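**Q** please work out how this folds:
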Amino acid sequence: MKAKIWGLDMGSTGIKAVEVTRTLRGFRVSNHGLFPLPGKGKGDLRGEILQALRQVLPKLEDRGEGLVYSFPSRQTMVHRIPLPFADRKKNRQVVKFEVEPFLPFAADQVIVDFYSPGKNSGEGRTLVFAVRKGDLGEHLALLKEAGLDPESVVPEALALFSLVRALGKTSAGSGALLDLGDEKATLILWENDRLVLTRSIPLAGSALSRAEAQDLSRLAEEVRRTFLSAGYGPENRPVEKVFLTGGNSLNPGVEKKLGDLLPASVSCLDLGEMGGDVPKETRPALAAALGAALGGAAGEEVNLRREEFASSQKAQRARGRMKILVSYASILAVLGVAAFLLNYSLKEKRYQDLRAEIRKEFTQALPEVKRVVNELQQMKARVQEERAKLAALGGGGGSGSPLEILRELSMAVEPSMKVRVTELIVDPDAVEVNGEADSFDTVNQLKSRLDRSGRFKEVQLKTARASSLENVVEFKLQMKRGG
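**A** Take a look at the predicted model:
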């Protein structure tokens with residue numbers, strides 16, 4: 001859990017940035033910035049956005065490390081589906097294929113991650129978040145041009161859920177939060193500390209700012225329909241409370257009129273002491289940015305920076321931490337051998353002094369470990385854990401990650417070949433590839449080139465048959481990994 005982190009939200013009317021710091025009494029807003037943007041049609045909006053983002057940059061001490069970006073809900077697709085495994089790592093390997101039938105795009109055009117309600121929640125389905133690679137790439141490119149490189153990108157709905165959870169609003173019963181922006185409202189629904197539904201509702205901002213009855217009635221009707229789609233609250237229980245946030249939540253008449261139109265009590269979300277010195281009239285607009293920071297500080301697992309968009313900072317830090325731990329492990333190994341020898345040749349006091357030195361080195365390397373049993377074995381276990389994390393990020397040479405295997409396949413395909421990989425199964429000892437080619441000769445050429453690869457010690461052509469489609473050959477290759 002991090003002590004200090006920034007959250008960033010880029011809305012249609014302004015850029016919001018919030019820094020939270022962990023104190024003895026919990027998290028508190030220690031710094032913030034709100035940089036208004038002109039409306040559409042008022043000059044170069046991209047230039048205005050870059051100018052606002054560059055005003056955020058001086059506030060960040062480390063140029064993006066510890067920065068979490070809230071991705072807009074209107075560009076996020078959300079589906080509630082069952083996943084086949086109890087283990088999150090296994091589900092991460094198959095989630096894109098599980099959700100693909102529900103998406104309007106091919107699986108290779110989206111980035112997917114999912115929210116886990118917890119092992120003991122009893123919930124059989126989970127919320128899967130998907131964004132187009134093109135949309136995510138545009139946002140990251142804009143941030144990079146401004147000098148910002150967020151470590152994590154989280155869905156806006158999940159950032160808002162992190163906020164209400166940190167405020168203790170989700171611990172019992174059903175509840176909802178409605179974030180009222182200028183062009184859309186983001187609605188989230190929870191039950192007993194688990195997020196069960198999210199939705200983005202288009203809005204007419206200027207009309208909502210005047211709290212016109214017709215527009216508020218239309219919004220309330222959409223919220224009621226959403227409640228009904230969830231069985232009028234999870235587990236057929238009514239929603240007890242609706243909290244309001246967002247720049248338009250404090251407009252005169254909005255809270256009262258929505259309270260009259262919705263089948264639940266309605267009130268603006270109170271940040272209490274967590275808001276720090278932020279003016280009360282500014283707090284609602286900072287909700288998504290604040291939630292992103294709180295989720296990052298709490299170690300939220302959902303992160304849309306995956307595949308080709310993975311954060312290089314994260315891999316670099318993992319590599320640096322592994323080097324430090326390896327160094328400490330070497331020192332501990334030397335001290336351990338010396339302690340063993342001294343146990344037979346020196347007085348008990350000298351031996352105890354050396355044991356104390358080993359303990360000091362261990363606690364300096366891993367201050368978070370509260371119970372020390374065997375310093376050397378515990379350090380070896382931590383080094384193995386960090387190596388596994390580094391391999392998962394594709395940061396270690398020869399790690400055999402799926403990305404490296406895909407690169408090896410790409411290198412084996414000549415420009416003149418027509419090959420499409422339809423399925424890739426990666427096991428610790430073998431790799432299986434299912435695909436389509438334009439001819440049997442192409443399949444043989446691909447096998448021959450993979451035979452010459454140093455990554456695989458044996459390549460077998462398990463299947464090669466003509467498809468029902470013209471000029472298409474279906475094949476299956478199985479490669480045993482090299483020793």
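**Q** within the sheet, what are the partner strands of the helix or strand containing T198, with directions?
**A** Element membership for T198 (DSSP states H and E) is strand 194-202. In the sheet, strand 194-202 lines up against strand 184-191 (antiparallel) (DSSP bridges).
**Q** could you give the separation of the strand it pairs with from the chain centroid?
**A** 19 Å (C-alpha atoms, centre = their mean, to the nearest Å).
**Q** quick check: mean pLDDT of that strand?
**A** The pLDDT scores in strand 184-191 average 93.
**Q** convert the C-alpha atoms of that strand to CSV, please.
**A** The C-alpha trace of strand 184-191 is given here as CSV (Å, rounded to 0.1, in the frame of the first residue of the first chain):
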residue,chain,number,x,y,z
LYS,A,184,-22.5,12.1,-19.3
ALA,A,185,-23.4,10.6,-15.9
THR,A,186,-21.6,7.6,-14.6
LEU,A,187,-23.7,5.3,-12.5
ILE,A,188,-22.3,2.5,-10.2
LEU,A,189,-24.3,0.1,-8.1
TRP,A,190,-22.9,-2.0,-5.2
GLU,A,191,-24.1,-4.6,-2.7
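**Q** neighbouring contacts of that strand?
**A** 73-74, 156-157, 160-161, 164, 170, 173-179, 195-203, 219, 223, 226-227, 230, 233-235, 237, 239, 246, 288 (C-beta atoms under 8 Å, 6 or more residues apart in numbering). Where C-beta positions appear, they are placed from N, C-alpha and C, glycine not excepted.
**Q** V372: what secondary structure?
**A** Secondary structure state of V372, per DSSP: H, G, I helix; E, B strand; the rest coil, is coil.
**Q** hang on, it packs against E361?
**A** No. Contact criterion C-beta atoms under 8 Å: V372 and E361 do not qualify, at 11.3 Å.
**Q** more neighbours: which of these two?
**A** Neighbour count, other C-beta atoms under 10 Å: between V372 and E361, E361 has more, with 17 against 12.
**Q** surely D451 meets V459?
**A** Yes. Between D451 and V459 there is a contact at 5.0 Å, judged by C-beta under 8 Å.
**Q** who has more neighbours out of the two?
**A** Applying other C-beta under 10 Å to D451 and V459 shows that V459 carries more neighbours, namely 20 against 14.
**Q** quick check: the more buried one vs E432, distance?
**A** Going from V459 to E432 by C-beta to C-beta, to the nearest Å gives 11 Å.
**Q** what do those two both touch?
**A** In contact with both V459 and E432: L477, Q478, M479, using C-beta under 8 Å, 6+ apart.
**Q** what's the helix or strand where the second one lies packed up against?
**A** Element membership of Q478 [criterion: DSSP H and E] is strand 473-481. Secondary-structure packing of strand 473-481 (3 or more C-beta pairs under 8 Å, 6 or more residues apart in numbering; DSSP states H and E): strand 430-437, helix 440-451, strand 456-466.
**Q** check these for me and report the most buried one.
**A** strand 430-437 (a mean of 19; mean count of other C-beta atoms under 10 Å).
**Q** what angle do it and strand 456-466 make?
**A** Interaxial angle, strand 430-437 versus strand 456-466 (axes from the mean of the first three to the mean of the last three C-alpha atoms, to 10 degrees): 30 degrees.
**Q** let me see the mean pLDDT of strand 430-437.
**A** On average, strand 430-437 scores 91.
**Q** now that strand, how far from the chain's geometric center?
**A** Relative to its parent chain, strand 430-437 has a centroid offset of 29 Å by C-alpha atoms, centre = their mean.
**Q** show me what that strand is packed against.
**A** strand 419-426, strand 473-481.
**Q** now do the buried residues in the last one.
**A** Buried residues in strand 473-481, defined by neighbour count with 16 or more other C-beta atoms under 10 Å: V473, E474, F475, K476, L477, Q478, M479, R481.
**Q** including pLDDT and distance to R321, could the residues you listed go into a markdown table?
**A** Output for the buried residues of strand 473-481, formatted as a markdown table (pLDDT from 0 to 100; distance: C-beta to C-beta, whole Å):
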| residue | pLDDT | distance to R321 |
| --- | --- | --- |
| V473 | 90 | 47 |
| E474 | 92 | 45 |
| F475 | 93 | 42 |
| K476 | 93 | 40 |
| L477 | 92 | 37 |
| Q478 | 92 | 36 |
| M479 | 89 | 32 |
| R481 | 81 | 27 |
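**Q** dump those to JSON lines, plus distance to S410.
**A** Below are those laid out as JSON lines (distance: C-beta to C-beta, whole Å):
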{"residue": "V473", "distance to S410": "19"}
{"residue": "E474", "distance to S410": "20"}
{"residue": "F475", "distance to S410": "17"}
{"residue": "K476", "distance to S410": "18"}
{"residue": "L477", "distance to S410": "14"}
{"residue": "Q478", "distance to S410": "19"}
{"residue": "M479", "distance to S410": "15"}
{"residue": "R481", "distance to S410": "18"}
